[in-house]
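Chemist: turn this into a structure:
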Amino acid sequence: MISPIIDETTINRLRALINGAGRIAITCHKSPDGDALGASLALCHVLRRLGKNASVVTPDMPPKALEFVPGLRDIAVFTKHELRSRNILTEAQLIFCLDFNSMKRIDRLAELVEPLKAPRVLIDHHLDPDDEFDVTISFPEASSTCELVFRTLMQMGLLRYMDRQAASCLYVGLLTDTGGFAYSCDNPEFYEIVASIMRRRFDRITLYNKAMNTFSADSLRLQGYAISEKMRLFPEQGAALIVLSKEELERFNYSRGDTETLVNRPLAIPEIYWSVFLREDPDRVKVSCRSQGDFSVSDICNRYFGGGGHQNAAGGEVCGTLDEAVSIFYQVLADLFPSADINNDSTTSNQQ
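Modeler: Residues are numbered from 1 along each chain as shown. Here you go, the predicted structure:
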């Protein structure tokens, strides 16, 4: 039995907004992942079956690795289809904001969305949502935004409009945001949701392989290089660090999504229970953290990297150099393990 977690006042308010809107826009955070795209496209499919003129607008290009998600090729990408994106948003009578907790997460789209008079509905699972939405459905303890979209549809009595395409989208989001059901999914109801989605009889095996086991040759070479040459191990602290510079990414023809699962790989080592991946982007360093058990990487990302997330899966960024980001990591080690002798050379594996 899947319990209702959203209060009825919120559900009734959302129902009234949907009933009163003919044109509905759906957007998600910059650099959208499987959860953001899965939630957005699943909701779009359902709203269209309700007879709504619904469209998805993303701040920038989704990764090529997710092109298989049903409906992805129909979305409006603001950096590529600016006029179409503007028309969708300015004509919308209702705007859904999925998988982000602050308008700054949608980058330049925020400048367009914020002045609009259309009501905004937030559905998200990140901590501390901003108070700038007309309806807020926020549960940080949820596995994903896809889970919350499912629960919202369930409580509104709209699951009968969830077809095979919508179910496929939700499955991709649930799958990718839990690392293949490896973390952030301890609630037994999560698996009841998965079971309900699977009753739509989509090709689960194909979706799983495309989402979790499909990589380009360049991506495999990059990940092999990262593990072989760039993985630093700190067994006494149970930690691993992988650092990739812009030059290294370019050397392997990096495309967004190529390093999506890289941060998880060191956790296969028995003595490693938390892992950090630093990727140098053109204007900042992206930080990805994963952990096992009770070790919270969300606290680390919140305190040191201006981010957050879930206990076992979190992220952040450093608006500085790669060396500065690495120095922050060593500060984390020093703060968490003050009595340990942290030596860069003796704790480094295959370091160039």
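Chemist: what lines up beside the helix or strand of the chain with the lowest mean pLDDT in the sheet?
Modeler: Within the chain, no helix or strand scores below strand 308-309, which has a mean of 84 by mean pLDDT, DSSP states H and E. The strands beside strand 308-309 in its sheet (DSSP bridges) come out as strand 313-318 (antiparallel).
Chemist: average pLDDT for the helix or strand that the strand it pairs with is followed by?
Modeler: Once strand 313-318 ends, the next helix or strand along the chain (criterion: DSSP states H and E) is helix 322-336. Mean per-residue pLDDT for helix 322-336: 96.
Chemist: so E324 sits against V318, correct?
Modeler: Yes: between E324 and V318 a contact is recorded at 6.1 Å, counting by Cβ atoms under 8 Å. To be clear about C-beta, it is placed using only N, CA and C from the backbone, and glycine gets the same treatment.
Chemist: which neighbours do the two share?
Modeler: V285 (Cβ atoms under 8 Å, 6 or more residues apart in numbering).
Chemist: so between these two, which is more surrounded?
Modeler: Ranked by neighbour count (other Cβ atoms under 10 Å), E324 and V318 place V318 first, with 22 against 11.
Chemist: pull the contacting residues for the more buried one.
Modeler: Counted by Cβ under 8 Å, 6+ apart, V318 has contacts L278, R284, V285, V287, F305, G306, E324, A325, I328.
Chemist: what's opposite the fourth one in the beta bridge?
Modeler: Note on V287: beta-bridge partners L278, G316, judged by DSSP bridges.
Chemist: how many other residues sit next to it?
Modeler: 25.
Chemist: doesn't D281 make contact with it?
Modeler: No: using Cβ under 8 Å as the test, V287 is too far from D281 to be in contact (10.7 Å).
Chemist: please enumerate the helices of this structure.
Modeler: Assigned by DSSP state H, the chain shows helices spanning 8-19, 34-49, 82-91, 109-113, 145-155, 164-176, 188-198, 204-212, 217-229, 246-251, 297-304, 322-336.
Chemist: for the third one, which helices and strands make contact with it?
Modeler: The reference is to helix 82-91. strand 23-28, strand 53-58, strand 76-77, helix 109-113 (3 or more Cβ pairs under 8 Å, 6 or more residues apart in numbering; DSSP states H and E).
Chemist: which of these is buried the deepest?
Modeler: strand 23-28 (a mean of 26; mean count of other Cβ atoms under 10 Å).
Chemist: quick one: strands adjacent to that strand?
Modeler: strand 53-58 (parallel), strand 94-98 (parallel).
Chemist: ok, and what's touching the shortest one?
Modeler: What it means is strand 94-98. With Cβ under 8 Å, 6+ apart as the criterion, strand 94-98 contacts 17-18, 20-21, 23-28, 36, 39-40, 43, 89, 103, 106, 113, 116, 118-124, 133, 145, 149.
Chemist: what pLDDT, on average, does it get?
Modeler: Here the average pLDDT along strand 94-98 is 98.
Chemist: ok, now stretch 264-274?
Modeler: 96.
Chemist: touching it from outside, list them.
Modeler: Here stretch 264-274 has contacts from 179, 182, 223, 227, 231, 233, 235, 238-240, 242, 275, 289-293, 295, 297, using Cβ under 8 Å, 6+ apart.
Chemist: PyMOL command for the buried members of those residues?
Modeler: Applied in PyMOL, the following selects the buried portion of these according to 16 or more other Cβ atoms under 10 Å:
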select buried, resi 179+223+227+231+233+238+239+240+242+275+289+290+291+295+297
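Chemist: and the contacts of stretch 264-274, which of them are in strands?
Modeler: Mapping these onto strands (DSSP state E) picks out M231, L233, A239, A240, I242, S275, C289, R290, S291.
Chemist: export those to TSV and tack on distance to L47?
Modeler: Supplementary listing: these in TSV, determined by distance: Cβ to Cβ, whole Å:
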residue	distance to L47
M231	44
L233	48
A239	44
A240	42
I242	40
S275	38
C289	34
R290	34
S291	36
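Chemist: just name the closest of those residues to D163, please.
Modeler: Among those, R290 lies closest to D163 (Cβ to Cβ), at 33.2 Å.
Chemist: how far away is the closest one from S296?
Modeler: R290 is 11 Å from S296, where distance means Cβ to Cβ, to the nearest Å.
Chemist: and for L222?
Modeler: 29 Å.
Chemist: comparing those two, which residue is more hemmed in?
Modeler: L222 (23 against 17).
Chemist: nearest spatial neighbour of A65, chain-adjacent residues omitted?
Modeler: Among residues not flanking A65 along the chain, G257 sits closest, at 3.9 Å (Cβ to Cβ, 6 or more residues apart in numbering).
Chemist: list the residues that contact that neighbour.
Modeler: P63, K64, A65, L66, S219.
Chemist: mind redoing it with 7 Å?
Modeler: Shown in contact with G257 (Cβ atoms under 7 Å, 6 or more residues apart in numbering): P63, K64, A65, L66.
Chemist: buried subset of the residues you listed as a ChimeraX selection?
Modeler: In ChimeraX, this line selects whichever of those come out buried by 16+ other Cβ under 10 Å:
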select :63,65,66
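Chemist: ok, so of the contacts of G257, who is nearest D335?
Modeler: Once Cβ to Cβ is applied, the member of the contacts of G257 that ends up nearest D335 is P63, at 33.6 Å.
Chemist: right, I'll leave it there.
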